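1. kindly generate the corresponding structure for this input.
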Amino acid sequence: MIVAAIYATIFLAAAVLSGENQVRAQGNPTPTPEPTGLIKEITPSVRNLNVDPGITISLSINVIGLQNVRDQSLGSDVVFNWSATDGELPRNEEGNTTVRYTTPDRPGNYTVSVSTSDNCRGTCSTSFSITVRIGAGDGSSASAAVNPPGPIPTVLTDSDGNNYEVFTPEGGGSFDGERFSINAEAGVVPNGEYIGVRMYENGAASNAGMSGHRFTLSGAIYSVAVIDSGQSSATSYKLNDVATICVPLPEMLLGNIAEVQMVAVSDDGVSLTAMTSDVRVAPALAVCGYTSTLPVNVAAAIPGVPPALPEEDEDTAVLPATGGVSPASTPPLVWALMIGITLIVSGTVTFAMRRQRVRSR
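-> Numbering: from 1, shown residues only. Have a look, this model is predicted:
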């Protein structure tokens, strides 16, 4: 019976080891690579744009997946075919969801088109309407703009006491901060209403460690808030045309000035959207972007995956243990159990044999 107990103990320990190996195999399956997603449609970040002759701007498209969610990563391995009725575009290459377009030197109406057949299951073509004219920002095309009836205040205030500049259909509007601004020409605000617009610096712009991003942020994040005529915050307000947002060009990007553009940053910082934008040198170095939707958070950026987060200092002191230490894994416990039981059983057998010899004498 003693020998049988030994064999039973060994069998039990082996069974425990086998069970744990099965649990490990089930708990750590070999990862299966996710298939490349398909594109449902592409849309322009800004469909209509009024610009000056001979300037270089960034044109960006939104990539929409089959779940009707914008996902720029779906275009990371796709070559989009850009073309223009006039002006200059770069050579088409993989992942070109944003391009630098140089407008023609003469005024006129032009079209920039973009399409792809790769990874597409839907409408994967769109276009930008570019109006090039001298003094594009003089508001001369907004003769049909009409203000709401009655008096219009010059300043609006929200519930926290923040002041907003008033933007109207006939006069447009502007909010100027310290080296940052937002400006809307006449006709940008829908007829028959007015809004309050405020812009402010909203912390450092950093996306270090976010390897899924295709842009590296720099400088600061700037937020544009909007309230209606009743002084209530608006979560989404659509303009008739684009407003122009300008922020200072960060000094660390001076060496990459040809690549700098403006991106929209989601409130949680997880999502980035490239904006149609350009870099200006007067009256000061700035990157300016165009948007037809408010509110929005913006920042200066350059293409490229952001750097990894800094590693922890290896010299960081390790706190002393204040309690018992858990075993690193179960197998050492199992083997210790086997050895202990074997020693106990062996000792019991030896003791029994000695007693039997003494009795036989």
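2. and Gly150, how many neighbours?
-> Number of residues near Gly150 (other C-beta atoms under 10 Å) recorded here: 5. For every residue, glycine as well, the C-beta is placed using N, CA and C.
3. measure it to Tyr194 for me?
-> Using C-beta to C-beta, to the nearest Å, we find Gly150 at a distance of 10 Å from Tyr194.
4. shared neighbours of the two, anything?
-> Residues touching both Gly150 and Tyr194 (C-beta atoms under 8 Å, 6 or more residues apart in numbering): there are none.
5. what residue lies at the spatial centre of the chain?
-> The centre of the chain sits closest to Ser271, judged by C-alpha atoms, centre = their mean, with a distance of 2.4 Å.
6. show the contacting residues for that one.
-> Listed by C-beta under 8 Å, 6+ apart, the contact partners of Ser271 are Arg70, Val265.
7. please report how far it lies from Arg70.
-> Distance, Ser271 to Arg70, using C-beta to C-beta: 8 Å.
8. give me the below-cutoff pLDDT ranges for this protein.
-> Along the chain, the model assigns pLDDT under 70 to residues 1-36, 135-143, 312-361.
9. strands of the stretch 1-150 of the chain, start to end?
-> Assigned strands in the stretch 1-150 of the chain, in chain order: 39-44, 48-51, 56-65, 81-84, 98-102, 108-115, 120-123, 125-132 (criterion: DSSP state E, counting those that start in this stretch).
10. can you put these in CSV and add distance to Ile221?
-> Converted to CSV, the strands of the stretch 1-150 of the chain look like this (distance: least, C-beta to C-beta, whole Å):
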stretch, distance to Ile221
strand 39-44, 24
strand 48-51, 24
strand 56-65, 18
strand 81-84, 29
strand 98-102, 19
strand 108-115, 28
strand 120-123, 33
strand 125-132, 26
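11. right, so of the ones you listed, which gets closest to Asp267?
-> Evaluated over those, closeness to Asp267 peaks at strand 56-65, with 18.0 Å, by C-beta to C-beta.
12. and that closest one with strand 39-44, angle?
-> Here strand 56-65 runs at an angle of 150 degrees relative to strand 39-44 (axes from the mean of the first three to the mean of the last three C-alpha atoms, to 10 degrees).
13. mind listing what's buried along strand 56-65?
-> Along strand 56-65, the positions that meet the burial threshold by neighbour count (16 or more other C-beta atoms under 10 Å) are Ile57, Ser58, Leu59, Ser60, Ile61, Asn62, Val63, Ile64, Gly65.
14. got it, and stretch 152-163?
-> If you call a residue buried by 16+ other C-beta under 10 Å, then stretch 152-163 has these buried ones: Leu156.
15. what's the straight distance from one end of that stretch to the other?
-> Distance between the two ends of stretch 152-163: 15 Å, counting by C-alpha to C-alpha, to the nearest Å.
16. now do it: distance to the chain's middle.
-> On the basis of C-alpha atoms, centre = their mean, to the nearest Å, the separation between the geometric centre of stretch 152-163 and that of its chain is 31 Å.
17. can you give the contact residues for it?
-> With contacts defined as C-beta under 8 Å, 6+ apart, stretch 152-163 is touched by Tyr164, Glu165, Val166, Thr168, Tyr194, Gly196, Arg198, Ala225, Ile227, Ser229, Gln231, Ser233.
18. which one is Gly193 nearest to, not counting chain neighbours?
-> Just to correct that, residue 193 is Glu rather than Gly. Taking C-beta to C-beta, 6 or more residues apart in numbering as the measure, Glu193 lies nearest to Pro148, with 5.7 Å between them; neighbours along the chain are not counted.
19. contacts only, for that neighbour.
-> Pro148 makes contacts with Gly192, Glu193, Tyr194, Ser229, as judged by C-beta under 8 Å, 6+ apart.
20. out of these, who's the most crowded?
-> Greatest neighbour count in the contacts of Pro148, by other C-beta under 10 Å, goes to Tyr194: 20 neighbours.
21. that one reaches Ile227, doesn't it?
-> No - applying C-beta atoms under 8 Å as the test, Tyr194 and Ile227 come out as separate, 10.4 Å apart.
22. please name the nearest non-neighbouring residue to Gly173.
-> Nearest in space to Gly173, with sequence neighbours left out and distances taken as C-beta to C-beta, 6+ apart, is Phe167 at 3.2 Å.
23. now swap in Arg70 and tell me
-> With sequence-adjacent residues excluded and distances taken as C-beta to C-beta, 6+ apart, Arg70 is closest to Asn62, at 5.2 Å.
24. ditto for Thr131
-> The spatially closest residue to Thr131, leaving aside those adjacent along the chain, is Asn50, at 4.7 Å (C-beta to C-beta, 6+ apart).
25. of all the contacts of stretch 152-163, which comes closest to Val99?
-> Nearest member of these to Val99, counting by C-beta to C-beta, is Ala225, at 30.6 Å.
26. that older thread, so how many other residues sit close to the residue nearest to Thr131?
-> For Asn50, the neighbour count with other C-beta under 10 Å is 18.
27. again, but for Leu217
-> Leu217 has 23 neighbours, counted by other C-beta under 10 Å.
28. state the three-state secondary structure for it.
-> Applying DSSP: H, G, I helix; E, B strand; the rest coil to Leu217 yields a three-state assignment of strand.
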